[in-house]
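A.B. asks: With the input below, show me the fold.
(chains A, B, C and D)
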Amino acid sequence: MSEEDKPKQPQEPEGQEAPEAEEKETPTPSEPSSKSAAPEKAAKPAPPKAARKKVLSYEDLEEDTLLQKLKEKFSEHIFSAQSFLHQPIYTVSVDCLYDVMIELKDSPDWDFDYLVDLTALDYLGDDKRFCMVYHLYSYKHGKLIRIKARISEEEVVPSVTSIWKTADWMEREVYDLFGIEFSGHDNLKRILLPDDWHGHPLRKDYDIKLQDQAWIKKHLHIRKTPE
Amino acid sequence: MKAMEESTVLDAKVLELNMGPQHPSTHGVLRVKLKLDGERVVDAECIIGYLHRGVEKISENRSYIECVPYYDRTDYIAAVSNVYGFLLGVEAMMQIEVPKRAQYIRIMMTEFSRIASHLLWLATHAIDIGAMTVFLYCFREREEILKLFEALFGARLTTHAFRVGGLWKDLPPGFVEAARKFIDEFPERVDEYEQLLTKNRIWMARTQGIGVISGKEAIEWGLTGPVLRGSGVRHDVRKDRPYGGYEEFDFDVPVGENGDTYDRYLVRLEEMHQSRRIIQQVLDRLPDGPVRGKAPKIVKPPVGEYYSGIDGPRGELGYYIVSDGSAHPFRVRIRPPTFISLQVLRRLVKGHLMADVIAIIGTLDIVLGEVDR
Amino acid sequence: MIDFLKRIFLVDILKGMALTFRYTYRKVYTEQYPLEKPKLAERYRGAPRLNNDPVTGETLCIACDLCAEICPEDLIVVGSQRDPESRKKVLTHYTFDTSRCLFCGLCQEVCPTNAIELTQDFELAAYDRRSMVWDRKRLEKGWDRIDFGKDYHK
Amino acid sequence: MNENVFIENLLIYAVIPLIKIVVIVLVLSGAIAYLTLLERKLIAHIQVRLGPMRVGWHGLLQPIADGLKFLLKEDIVPAKADALIFTIAPAISLIPAFLVFAVVPFGPPDMLQDFLGWTLGWFPFLNLDEATTERIAQNAIASGGYVTDINIAVLFVLSVSSVGILGIILGGWASNSKYPLLGALRSTAQMVSYEVALGFAIIGVLLVAGSLSLVEIVQNQQQEQLWYIFVQPLAFVLFFICGLAETNRLPFDLPEAETELVGGFHTEYSGFRFSLFFLAEYANMIAVSAIGVVLFWGGWLRPFPSFEWLNFLNFIPGVVWFLGKVFLFLYVFIWVRGTLPRFRFDQLMQYGWKIFLPVAMANVIVTAGVILAFL
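C.D. replies: The predicted structure is shown next:
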């Protein structure tokens, strides 16, 4: 194919849209490309574009009333309050996590009666490896906040099922996929994966193609799974 | 002796019955272990995970653009709103301005997807309770919506509806007329379903007083969407935390009174009417302009985290996106509304009859693709 | 009282029956699929095709590898060689694994020359997995069933 | 001469009834097959679909294909099932369903008179003289549009149709599986409850008719020039509803409620055995319709037998009227199925015992009172 042919649109009768108004950035065909390391390499032209905008970052919330109230009550267990894109984030110590949650739910000032979400993050390599993330919402005040608590791999998180019933399955899911234990949960077993599965898939050291070969052999009678 | 051992099934006081994962009315691969005393449910345990594909894990290994099609496959009944929720989060983190026209079309299509999803819910709910004609009437209308999806997105079910910064392409010719035709005819169709169900004594007997949950308890269980609203809590993410331009449209949030299956049915029917109202407004006020904002080719949000919750057809669908500054998400947590509302099943079915289990599973409107992810 | 009478005379049920009776003799909605092919939308994303230049018959693909990179399932493999004379990359082989395809359309979106395209053909069933991996020949042949409508079998 | 009498009796009491039985069984089997097609087509059209279209013109050969499929499928007996009972249960269910038709009058007692007189001449080896042929043709047993006319026909129908339920119960129990067991339990309770209400609904008619013979009931309607639907409308409604319940049709199809119990009592059945249950269900449907037509809609009588200006309708034979009415019945059965949701088990029992039974009893009492007082 010659260079002049390139911009030509194929003139097929069906299946073709009229050329769109939107821009279609045509990369130069000579750009070096390799399949495996696609995003990193292709990302090179991106930084100058992003630089044009105001760079988003975490902002500290010092004046926040909730933070002050919590600090009064739990003093050194509350670490910080930040916000990202106007979503407040409170980092607390796992030791007082349960008490903070009770305070947040029961205190009429806050009234976070709805546990939106409960999940975890895995910062592999950090001292405190996992980070528990709770999203709380108050129907009365229409406020959404995020509570974070860092824990190390051995630490046990207090279960909040006695505060919000909805935490039941979410904690089971975190237990299943991250292997984080919850104390005070009365039915803590795997939920999405089979009970006798080994490994916790959402941990960062669990490769995406990793499977529990022993389990597969035992239950599915597949000798060797395709690579 | 052997015969006696074999007949223990009949001797047992409590009959343990496995409903699912291959059962006509568990809406996929839900398995419910029922403990029955006669036909009365003593206890129930949900066993899920048969459809677990690890979408959250897959997301961590794909770029932001690449992982969007996978969200079609979580809640495959309302694929459009799934993608919408995620993209709203990404666009917020990237500070991408979405053109007005794209915003409007997005809202229209999510509302269409809500109607389609509710239609499918009504269809399956009705056939679970035995009214199989409603099933096909609903599918007929849903088909029209799927045709609209096909014309705009190029696929019917797993639509890969929106792109970062807007839409793939603008509305195809004839789309607005087809959409108008649909919403003009739609109320008539809903009346037909109502004629077959709403006042029907059998339908009322099967749904009224079944699976009652109070508003307070519903909040405690984290229920959202029509299930919460059926219990009388007037909460809708579209109203309380408007996103994507919903504040410009006028619609009501219907609520029920008794929190039973019948009220949830009425709430969903009314929601279809409200969605229709929103679509009507979109079509009337659809601005001109581009449909795709200035989005970089490589989506690389800054280090940070964002929770974007939208009101999907089944409740609050949340995407908690954590970025470490690279082209892959550090973590995407999907808050699946039906995963969370399914756990209330155990509480709702206790003391009811076995036939009610079906009705209650139906009224929770679960999608196993989303429950298991 | 009226409600009571309505209950006695099964008005709710009779209304429903009247509706179904009306429908019994109305036009049906069915599409008789293998006999009548549905008219799919132009944008429909179905079987992939590798387009050739309609004039010269040469492939439009410039082997830029963008489709392979964007593909979420990594199912496209593009092989290229640098032409020693013109110093341009020339496509040597191209495979597309339809069995794993999500039909998300990202490949045709990024394609700078509209070479890879998802067409309206949706009948992709095959007898074994291997034949679902389409090579360049199969992709370029594309979709040969264009007849729509009732006359498909005649 | 003795020989002639023997042949005459043989013909009247054995050969002709046997032929009738064979004809009825064959026609009934065909009717059931095509009833399934009718149901599928009708429900399809209610639901803006087409139904079977591919086998034959508009799916006309579909029942045959289905039958072949059932015959050729593997017949599975679950490992832990009670094999003997599991095997015979479908037959227990099917045979009574067919037995009912022994007493159903398809036509008037003289329906086959001309036909017999004409046909018997074809068999010269019988050496029948004119008088004998006449006698045979005149004999109601030979020439009636029914296999037999017994004076307890209604009781026979009720008792025989209850036996069919045994098949369902045994089938559900013998499967040794939980869903069939639940289906069988439901079926037991349902049948017992609705049998009672059904019986009481029929008693109203019997009081009016003063006979238990189905033929006589129709003849009485002819004499009084009035179908009993106009005399006993309430009894008819009750009969119809209980009939739906007796035949496991929506909204009372709890024993097999596929969305709850997967397949109910026949979950574990496959192939030919399943098809026997299937046949039984549809045979029951036809049987209930036929009984309903006989009791309430004047059997083989044409509409409005008292209106003379409608006499031109007489040229249509009674059997056609009868079958036409049965068809209407079946149509309504299917139509109801296409419209209504399903009751719940306890609601079904409540309706049965708390509404239908008392109403049926009240109907009997009022009818009896009226008859005593005025007639």
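
A.B. asks: residues near the closest residue to chain B within the stretch 251-375 of chain D, how many?
C.D. replies: The minimum distance from the stretch 251-375 of chain D to chain B, using Cβ to the nearest Cβ, falls at D:Arg342 (2.8 Å). Bear in mind the C-beta positions are built from the backbone N, C-alpha and C, glycine included. By other Cβ atoms under 10 Å in any protein chain shown, 27 other residues sit near D:Arg342.

A.B. asks: My guess is it contacts B:Met132. True?
C.D. replies: No. Counting by Cβ atoms under 8 Å, B:Met132 is not a contact partner of D:Arg342; they are 9.6 Å apart.

A.B. asks: Help me confirm that D:Gln232 comes into contact with D:Val208.
C.D. replies: Yes. Using Cβ under 8 Å, D:Gln232 and D:Val208 qualify as a contacting pair, with a distance of 6.4 Å.

A.B. asks: any residues in contact with both of the two?
C.D. replies: Common neighbours of D:Gln232 and D:Val208, using Cβ atoms under 8 Å, 6 or more residues apart in numbering or on different chains, are D:Thr367.

A.B. asks: Can you pull out the low-pLDDT segments for the chain?
C.D. replies: No chain specified, so I'll use chain A. A:1-54, A:77-78, A:223-227 (pLDDT under 70).

A.B. asks: right idea, wrong chain: chain D
C.D. replies: Checking chain D against pLDDT under 70 turns up D:1-3, D:126-128, D:140, D:305-307, D:310-311, D:375.

A.B. asks: Tell me which residue is most central in it.
C.D. replies: Nearest to the geometric centre of chain D sits D:Ala287, at 0.3 Å (Cα atoms, centre = their mean).

A.B. asks: Starting from C:Tyr94, give me the distance back to the residue lying farthest from the centre of chain C.
C.D. replies: The C-alpha centroid of chain C is most remote from C:Met1, which lies 58.9 Å away (Cα atoms, centre = their mean). Per Cβ to Cβ, to the nearest Å, C:Met1 is found 78 Å from C:Tyr94.

A.B. asks: With C:Glu140 instead?
C.D. replies: 9 Å.

A.B. asks: Give me the more crowded residue out of the two.
C.D. replies: Of the pair C:Glu140 and C:Tyr94, C:Tyr94 is the one with more neighbours under other Cβ under 10 Å, namely 26 against 17.

A.B. asks: tell me the contacts of D:Ala91?
C.D. replies: D:Gly167, D:Leu276.

A.B. asks: That one should be in a strand, yeah?
C.D. replies: No. Counting by DSSP: H, G, I helix; E, B strand; the rest coil, D:Ala91 is not part of a strand but helix.

A.B. asks: Is stretch A:86-97 in proximity to chain B?
C.D. replies: Yes. If you take Cβ under 8 Å from any Cβ of the partner chain as the test, stretch A:86-97 does meet chain B, through A:Gln87, A:Ile89.

A.B. asks: how far is that stretch from where the chain is centred?
C.D. replies: Centroid separation between stretch A:86-97 and its chain, computed with Cα atoms, centre = their mean, to the nearest Å, is 16 Å.

A.B. asks: again, but for stretch B:138-155
C.D. replies: Relative to the chain's own centre, stretch B:138-155 is displaced by 17 Å; criterion: Cα atoms, centre = their mean.

A.B. asks: what about stretch C:41-53, start to end distance?
C.D. replies: Taking Cα to Cα, to the nearest Å, the span from the opening residue of stretch C:41-53 to its closing residue is 24 Å.

A.B. asks: Quick one: mean pLDDT over it.
C.D. replies: Regarding stretch C:41-53, the rounded mean pLDDT is 83.

A.B. asks: thinking again about what came up before, tell me which helix or strand the residue of the stretch 251-375 of chain D closest to chain B sits in.
C.D. replies: Using DSSP states H and E, no element contains D:Arg342; it sits outside every helix and strand.

A.B. asks: Distance of it relative to B:Gly49?
C.D. replies: To B:Gly49, D:Arg342 is 31 Å away according to Cβ to Cβ.

A.B. asks: What parts of the stretch 1-150 of chain B come near chain A?
C.D. replies: B:48-49, B:52, B:54, B:56-58, B:60-61, B:63, B:92-93, B:95.

A.B. asks: Need those residues in a markdown table (columns: distance to D:Ile64, pLDDT and neighbour count).
C.D. replies: Output for the residues of the stretch 1-150 of chain B next to chain A, formatted as a markdown table (distance: Cβ to Cβ, whole Å; pLDDT from 0 to 100; neighbours: other Cβ atoms under 10 Å in any protein chain shown):
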| residue | distance to D:Ile64 | pLDDT | neighbour count |
| --- | --- | --- | --- |
| B:Ile48 | 44 | 87 | 24 |
| B:Gly49 | 45 | 85 | 22 |
| B:His52 | 45 | 87 | 21 |
| B:Gly54 | 49 | 85 | 19 |
| B:Glu56 | 53 | 88 | 21 |
| B:Lys57 | 53 | 88 | 20 |
| B:Ile58 | 50 | 88 | 18 |
| B:Glu60 | 57 | 88 | 18 |
| B:Asn61 | 55 | 87 | 15 |
| B:Ser63 | 58 | 87 | 22 |
| B:Ala92 | 63 | 86 | 21 |
| B:Met93 | 64 | 85 | 25 |
| B:Gln95 | 68 | 83 | 14 |
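
A.B. asks: coming back round to it: phi, psi of the residue of the stretch 251-375 of chain D closest to chain B?
C.D. replies: phi -100, psi 140 (degrees, to the nearest 10).

A.B. asks: nearest spatial neighbour of it, skipping sequence neighbours?
C.D. replies: B:Gly130 (2.8 Å; Cβ to Cβ, 6 or more residues apart in numbering or on different chains).

A.B. asks: so what's the one you found scoring on pLDDT?
C.D. replies: 82.

A.B. asks: now C:Asp151
C.D. replies: 44.

A.B. asks: Kindly report the same for B:Thr110.
C.D. replies: 90.

A.B. asks: Can the helix or strand harbouring it be said to contact chain C?
C.D. replies: Assigned by DSSP H and E, B:Thr110 belongs to helix B:100-129. No. Applying Cβ under 8 Å from any Cβ, one finds helix B:100-129 separated from chain C by no less than 11.7 Å.

A.B. asks: After that helix, which helix or strand is next?
C.D. replies: Assigned by DSSP H and E, the successor of helix B:100-129 is helix B:132-153.

A.B. asks: Following the chain past that following helix, name the next helix or strand.
C.D. replies: strand B:162-163.

A.B. asks: Now the stretch 201-350 of chain D against chain A: closest residue?
C.D. replies: Residue nearest to chain A within the stretch 201-350 of chain D (Cβ to the nearest Cβ): D:Val262, separated by 24.3 Å.

A.B. asks: so what's that residue closest to, chain neighbours aside?
C.D. replies: Of all residues not flanking D:Val262 in the chain, D:Tyr179 sits nearest, at 4.9 Å (Cβ to Cβ, 6+ apart).

A.B. asks: and B:Asn18, what are its phi and psi?
C.D. replies: According to degrees, to the nearest 10, B:Asn18 has phi -90, psi 110.

A.B. asks: My guess is it contacts B:Arg31. True?
C.D. replies: Yes. Judged on Cβ under 8 Å, B:Asn18 makes contact with B:Arg31 at a distance of 6.4 Å.

A.B. asks: got the CA positions of stretch D:190-208 in PDB?
C.D. replies: Output of stretch D:190-208 as PDB, limited to C-alpha atoms (Å, rounded to 0.1, in the frame of the first residue of the first chain):
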ATOM      1  CA  GLN D 190     -55.800 -29.700  46.000                       C
ATOM      2  CA  MET D 191     -57.700 -32.600  44.400                       C
ATOM      3  CA  VAL D 192     -59.300 -33.700  47.600                       C
ATOM      4  CA  SER D 193     -60.500 -30.200  48.400                       C
ATOM      5  CA  TYR D 194     -61.800 -29.400  44.900                       C
ATOM      6  CA  GLU D 195     -63.400 -32.800  44.400                       C
ATOM      7  CA  VAL D 196     -65.700 -32.000  47.200                       C
ATOM      8  CA  ALA D 197     -66.700 -28.600  45.800                       C
ATOM      9  CA  LEU D 198     -67.000 -30.100  42.300                       C
ATOM     10  CA  GLY D 199     -69.300 -32.800  43.600                       C
ATOM     11  CA  PHE D 200     -71.500 -30.300  45.300                       C
ATOM     12  CA  ALA D 201     -71.700 -28.200  42.200                       C
ATOM     13  CA  ILE D 202     -72.800 -31.200  40.200                       C
ATOM     14  CA  ILE D 203     -75.400 -32.200  42.800                       C
ATOM     15  CA  GLY D 204     -77.300 -29.000  42.000                       C
ATOM     16  CA  VAL D 205     -77.700 -30.300  38.400                       C
ATOM     17  CA  LEU D 206     -78.600 -33.700  39.500                       C
ATOM     18  CA  LEU D 207     -81.400 -32.300  41.700                       C
ATOM     19  CA  VAL D 208     -82.800 -30.600  38.700                       C
END
